[in-house]
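1. Quick check, what structure comes out for this input:
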Amino acid sequence: MKKTALIMAGGRGERFWPRSRKNLPKQFLSLTGDGRTMIQMTVDRILPMVKMEDIFIVTNQEYRGLAEEQLPKENILCEPIGRNTAPCIGLGAVHMAKRYKDALMMVFPSDHLIKYHQMFLNSLQDACQIAEENTNLVTIGITPDCPETGYGYIRFRQDERKGCGFAVERFVEKPDLETAKEYLETEEYLWNSGIFVWKVSSILEKIEALMPDTYQGLLRIQDAIGTPQQEVQLEQEFFRFASESIDYGILEKAKNIYTVPGTFGWDDVGSWLAVERIQKTNEFGNIANGNIITIHSKNCIIEGSKKLIAAVGLENLIIVDSEDATLICKKEAAGDIKKVLENLKICNRNEYL
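-> Numbering: from 1, shown residues only. Below is the predicted model:
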């Protein structure tokens with residue numbers, strides 16, 4: 001069956017402020033030191049399975065220029081307004097249905113990193129085999145190695161298998177630490193990676209049954225594809241859509257959901273702390289990129305550019321300097337960086353967003 005891919009690239013990456021900004025979000029940045037941006041790396045790793053002309057990018061209208069600078073212009077779909085992942089995936093699905101009638105559809109976030117590419121492709125192949133049967137929906141779950149509280153979890157049934165996958169019993173929200181420890185001990189939970197595989201016809205069938213208003217809007221968008229009314233219809237329908245995630249709108253309610261456990265070095269690069277996992281630290285545990293001098297400092301993440309940053313006697317800090325803003329943050333408070341942006345919005349200091 002024809003394989004296609006949808007890459008979701010509309011997020012703002014607020015936890016990577018001040019490098020990730022409203023006009024240059026995380027997925028269009030290079031965080032690995034090799035010059036390849038997050039979204040380019042996402043495309044690169046799936047090319048062994050999907051032809052470039054069969055890869056669709058869904059992003060926000062204001063990021064069209066960024067997407068076209070980094071990727072082929074064909075198949076870049078732009079949402080007039082963000083409405084979460086269900087309408088995003090639905091938009092990709094109706095474009096694929098218009099072109100191919102039906103196909104396998106793999107869905108990826110644009111801002112994750114994967115260390116072991118062949119193991120990743122093997123998991124995708126396993127998921128594709130399950131998704132080709134009937135109307136199965138498949139998610140790639142990540143085998144947890146610590147009691148992580150920043151991810152949603154998937155509980156699977158060990159006694160109900162299909163190929164290399166397991167039937168999903170339920171999806172659960174981000175747990176507290178004690179609950180996450182319990183999940184880890186049971187060996188019945190996986191991290192929810194946000195990577196999905198299904199037939200275009202299968203996901204549209206589920207949207208029709210479980211999100212009927214959204215489905216009718218998607219049909220009107222599909223009818224207008226390739227006509228002079230395409231952009232007008234897209235804008236009208238998207239503003240009507242409810243903002244809903246694919247997890248809540250479909251996966252938590254549908255049947256025939258399977259998960260394939262993955263162990264391929266996945267990282268969702270959710271905050272500046274991820275830099276320690278994707279770049280090498282020096283002998284003092286520091287990561288220093290830019291014009292940096294460190295003296296008696298250890299376990300710091302320091303990102304600069306032309307301006308000299310001298311760090312003396314510091315420990316466990318995140319320091320990020322950009323042209324118009326500087327972040328200084330304790331590592332344990334990295335999750336509160338989004339509160340800076342909330343404060344900026346309240347104060348109407350939108351030039352720093």
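
2. ok, how many other residues are close to the nearest residue to residue 281 once chain neighbours are set aside?
-> With sequence-adjacent residues excluded and distances taken as Cβ to Cβ, 6 or more residues apart in numbering, residue 281 is closest to residue 287, at 5.5 Å. (C-beta placed from N, C-alpha, C; glycine too.) Using other Cβ atoms under 10 Å, residue 287 has 20 neighbouring residues.

3. unless I'm mixing things up, residue 287 is touching residue 298, no?
-> No - checked against Cβ atoms under 8 Å, the pair residue 287 and residue 298 is beyond contact range at 11.2 Å.

4. tell me the contacts of residue 107?
-> Going by Cβ atoms under 8 Å, 6 or more residues apart in numbering, residue 107 touches 5-6, 8, 89, 92, 194-197, 246.

5. ok, now residue 279?
-> Contacts of residue 279 (Cβ under 8 Å, 6+ apart): 32-33, 287, 289.

6. if you set the cut-off to 6 Å instead, what comes out?
-> Contact analysis of residue 279 by Cβ atoms under 6 Å, 6 or more residues apart in numbering lists residue 287.

7. Could you do residue 191 as well?
-> Contacts of residue 191 by Cβ under 6 Å, 6+ apart are 142, 144, 151.

8. Residue 87 - nearest residue in space that isn't next to it in sequence?
-> Residue nearest to residue 87 in three dimensions, not counting chain neighbours: residue 241, with 4.5 Å by Cβ to Cβ, 6+ apart.

9. you'd agree residue 96 is in a helix?
-> Yes - counting by DSSP: H, G, I helix; E, B strand; the rest coil, residue 96 is located in a helix.

10. Spatially, which residue comes closest to it, not counting chain neighbours?
-> Among residues not flanking residue 96 along the chain, residue 200 sits closest, at 4.8 Å (Cβ to Cβ, 6+ apart).

11. isn't there a helix covering residue 335?
-> Yes - according to three-state DSSP, residue 335 belongs to a helix.

12. What's the local residue count around it?
-> 14.

13. By mean pLDDT, flag the weakest helix or strand of this structure.
-> One helix or strand of the chain scores below all others by mean pLDDT, DSSP states H and E: helix 275-278, with a mean of 88.

14. Packing partners of it?
-> The helices and strands touching helix 275-278, judged by 3 or more Cβ pairs under 6 Å, 6 or more residues apart in numbering; DSSP states H and E, number zero.

15. and after that helix, which helix or strand comes next?
-> Note on helix 275-278: by DSSP states H and E, the next helix or strand toward the C-terminus is strand 287-289.
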